[in-house]
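Asker: build me a structure from this.
(3 chains)
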Amino acid sequence: MSAAAEKLAGAAEPPPRQQEMPFAVVEGEPQYTLPKDLYIPPDALEVFLDAFEGPLDLLLYLIRRQNLDILDIPLAEITAQYMEYIEMMRELRLELAAEYLVMAAMLAEIKSRMLLPRPAEEEEEGEDPRAELVRRLQEYERFKQAAEDLHRLPQLGRDVFPVQAEVPHKRAQRKPPDLDLKELLLALRDVLKRADMFSRHHVTREPLSLRERMTRVLETVRPDRFTDFHELFDVTEGRDGVVVTFMAILELLKQTLIEMVQAENFGPIHVKAATAHESQ
Amino acid sequence: MNPSEHLKQIVEAALLAAGRPLGLDALQALFDELERPHKNRLRQVLEELAADYEGRGIEVVEVASGWRIQVRKECSPWVSRLWEEKPGRYSRALMETLALIAYRQPITRGEIEEIRGVSVSSNIVRTLLEREWVRVVGHRDVPGRPALYGTTRQFLDYFGLKSLDDLPALAELKDLDSLEGELELPDPDRESVAVGSGEPPAQKPHEEA
Amino acid sequence: MNPSEHLKQIVEAALLAAGRPLGLDALQALFDELERPHKNRLRQVLEELAADYEGRGIEVVEVASGWRIQVRKECSPWVSRLWEEKPGRYSRALMETLALIAYRQPITRGEIEEIRGVSVSSNIVRTLLEREWVRVVGHRDVPGRPALYGTTRQFLDYFGLKSLDDLPALAELKDLDSLEGELELPDPDRESVAVGSGEPPAQKPHEEA
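Answerer: Got it, this is the predicted structure:
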């Protein structure tokens, strides 16, 4: 890219603030008109054209360059200037985006319509031929402005820097899986079916509360010291609770999981977890 | 450590460690169910933290996806020297496309092109999608079923916005009625007079923007 | 902002933004030559910063390549959850083992293996113990003194049971075939109905098939 082209590209950088745009810079002097005898490398002009986001942008530039309001477009003048640009591009055999030519045609049409004297009856429906163009220019300019506003917002990594602290003691934890009760029950049913448990006499007669109570009693008793028999009962549970506990103790005795000791008749009964004979 | 007593420390550590904004749900998820703080309590802690950071090199800000700790703007000139390479700038075409999607979402590519008056390159759309600033939110029920684009929370986060409402206001469109009025007399003579007349333009000229 | 007055803020912001430890040279490089702080001054500021962070969620530490700000160890149990992996699923073998412990407690591993017809891996038992769903409640007085397993209160809490009697009786399990369709619907309402549907089997003896 030539130095001139770089300058032009620089001018095109966002946030877009279009100045009077020189076609080229010759010995430090910006050139605003294209000298007929001067050769400008086509790529430099391409860069110039790239500075515009299409025909609406070019038109806005031409209007704003003269400090004019969109609502008060000097159509003849602007059209002439627009055509000049287009001609220039053509002379340089630059490939022009089709949109630029469409706009040229539209401008020419508006101009011709405005030059024609308007019949009175047409006044009724009478939309100003420029209205559509003005609407589009206005709409485009809003978003051109919005893009600039957006660009000026603080951007992450450009204006705003996120922070991050090291976590040296990071423990890659893994949450334990969830388990659904129905899955558990289905698993049990399957294993019992497999083991043919339903058809044999392995199925316990006791309610599950008995088994649960056996576990609780085992949790309470210790192998290394005696526990008072009464401590195993919780009278606040009422008669049923006491019965279940008693049955649990009997079942544990039967399975020799606990031992019971009574030193004398009617003396206190003590319970301890069974210990292996070899460990005694 | 007791999490309820040291809630502020834990929240601070998490925000600093995360490297992304954390919402209230994400903050709650740090705690076991039994010790999980209420959202109001978390909000309060975040406010306390923001107050603690007064006069510090960092600040707590709320963006679309939650709270983020970032370098205070005043420190940016020095901090930015940590990186030799400056971040790339986005082209006007990209910013205009993004602005149209942000303000006019959901919008199709064709509708963007209509307003901009030029075609939108696939590169731009791809870049916006890759940056996760925009996403396809649906399809317009017309022939070809073109994709409708909308912005994402990442877009808001990137520009430090809490919601789309925080976007800079879009310039007012001039009332079409008044516009018609002003255009009433298409007098070719007036046009040539208008050139260079130096009338103060109704809208702020770009050069001053 | 005057860099010499706000040196601490700038150093804090830079350390947190860098994402890597910064040495004294790197910190000095943030400043223009004229405003560049002396290394001793930087050291002093780093010490001040470390003192400021007392009782906070973060700390300043010196490592081989310089200083860095990191999350305090005390906070890591909570902060680590930011990177928690998605929970997996329990194996069929684990569920069968747990169910047998629940219904046949107290039970030894050998007895479980007998019913299941396959060996029970130590992993499964360890997982159940770690989860605190089962515990060793005693030892059977046979050669080898195998551990007897029973379920815990945590087990009941996890499944929302008041007692094991809230579980369906074994006989009812047979009818799960008819329930299965319903049970497999991922509808929490239906599930709870299905589980609690049987009348309290508390004192009802389990029938033999």
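Asker: where does pLDDT dip in chain A?
Answerer: A:1-50, A:92-95, A:117-127, A:172-174, A:196-207, A:276-280 (pLDDT under 70).
Asker: switch to 50 and redo it
Answerer: Across chain A, the ranges flagged by pLDDT under 50 are A:1-19, A:37-38, A:201-204, A:277-280.
Asker: for it, just list every one of the helices.
Answerer: Here chain A has its helices, by DSSP state H, at A:3-11, A:42-50, A:55-65, A:75-91, A:98-115, A:122-125, A:131-152, A:181-194, A:208-220, A:238-254.
Asker: dump those to CSV, plus distance to chain C and mean neighbour count.
Answerer: (C-beta placed from N, C-alpha, C; glycine too.) Listed next are the helices of chain A as CSV, based on distance: least, CB to the nearest CB, whole Å; neighbours: other CB atoms under 10 Å in any protein chain shown:
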stretch, distance to chain C, mean neighbour count
helix A:3-11, 25, 16
helix A:42-50, 34, 18
helix A:55-65, 36, 22
helix A:75-91, 45, 17
helix A:98-115, 43, 15
helix A:122-125, 63, 8
helix A:131-152, 21, 20
helix A:181-194, 3, 20
helix A:208-220, 3, 22
helix A:238-254, 7, 16
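Asker: out of those, which is closest to C:Ser4?
Answerer: helix A:131-152 (30.1 Å; CB to CB).
Asker: that closest one vs helix A:98-115, what angle?
Answerer: 140 degrees (axes from the mean of the first three to the mean of the last three CA atoms, to 10 degrees).
Asker: next, the angle helix A:75-91 makes with helix A:131-152.
Answerer: Using the same axes, to 10 degrees: helix A:131-152 against helix A:75-91 is 70 degrees.
Asker: quick one on the thing from earlier: just tell me which of the helices of chain A ends up closest to A:Asp228.
Answerer: That would be, of the helices of chain A and by CB to CB, helix A:208-220, which comes in at 10.3 Å.
Asker: for C:Asn123, which of the helices of chain A is the nearest?
Answerer: helix A:181-194 (16.7 Å).
Asker: helices and strands around that closest one, which ones?
Answerer: Counting contacts by 3 or more CB pairs under 8 Å, 6 or more residues apart in numbering or on different chains; DSSP states H and E, helix A:181-194 is packed against helix C:92-104, helix C:109-116, helix C:170-174, helix C:176-183, helix C:188-196.
Asker: and the residue in chain A that chain B sits nearest to, how many residues sit next to it?
Answerer: When scored by CB to the nearest CB, chain A has A:Gly54 as its residue closest to chain B, at 3.3 Å. A:Gly54 has 20 neighbouring residues, counting by other CB atoms under 10 Å in any protein chain shown.
Asker: can you tell me the SS state at the closest residue to it other than its chain neighbours?
Answerer: The shortest distance from A:Gly54 to any non-neighbouring residue, by CB to CB, 6 or more residues apart in numbering or on different chains, is to B:Val118 (3.3 Å). Secondary structure for B:Val118, judged by DSSP: H, G, I helix; E, B strand; the rest coil, is coil.
Asker: and B:Val118, backbone torsions?
Answerer: phi -140, psi 160 (degrees, to the nearest 10).
Asker: any idea how far it is from A:Arg142?
Answerer: Applying CB to CB, to the nearest Å, the value for B:Val118 to A:Arg142 is 16 Å.
Asker: can you pull the contacts of B:Phe155?
Answerer: By CB atoms under 8 Å, 6 or more residues apart in numbering or on different chains, B:Phe155 lies in contact with B:Leu98, B:Ala102, B:Glu132, B:Trp133, B:Val134.
Asker: out of those, which touch chain A?
Answerer: B:Leu98, B:Ala102 (CB under 8 Å from any CB of the partner chain).
Asker: tell me the one of the contacts of B:Phe155 nearest chain C?
Answerer: Chain C has its nearest neighbour among the contacts of B:Phe155 in B:Glu132, at 19.7 Å by CB to the nearest CB.
Asker: then the closest one would be within a helix, right?
Answerer: No - judged by three-state DSSP, B:Glu132 forms no part of a helix; its state is coil.
Asker: how many residues are close by the nearest residue to it once chain neighbours are set aside?
Answerer: Excluding the flanking residues, the one nearest B:Glu132 by CB to CB, 6+ apart is B:Gln154, at 4.5 Å. For B:Gln154, the count of nearby residues is 19 (other CB under 10 Å).
Asker: still on that earlier bit, want to throw the helices of chain A into CSV with distance to B:Pro37?
Answerer: As requested, the helices of chain A are exported to CSV (distance: least, CB to CB, whole Å):
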stretch, distance to B:Pro37
helix A:3-11, 53
helix A:42-50, 55
helix A:55-65, 53
helix A:75-91, 64
helix A:98-115, 57
helix A:122-125, 67
helix A:131-152, 36
helix A:181-194, 29
helix A:208-220, 34
helix A:238-254, 39
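Asker: mind checking those for the one nearest to B:Val11?
Answerer: Using CB to CB, the nearest of the helices of chain A to B:Val11 is helix A:131-152, at 31.2 Å.
Asker: check whether the closest one contacts chain B.
Answerer: Yes - applying CB under 8 Å from any CB, one finds helix A:131-152 touching chain B at A:131, A:134-136, A:138-151.
Asker: same question for stretch A:97-116.
Answerer: Yes - Stretch A:97-116 is in contact with chain B by CB under 8 Å from any CB, via A:Ala97, A:Glu99, A:Met103, A:Met114, A:Leu115.
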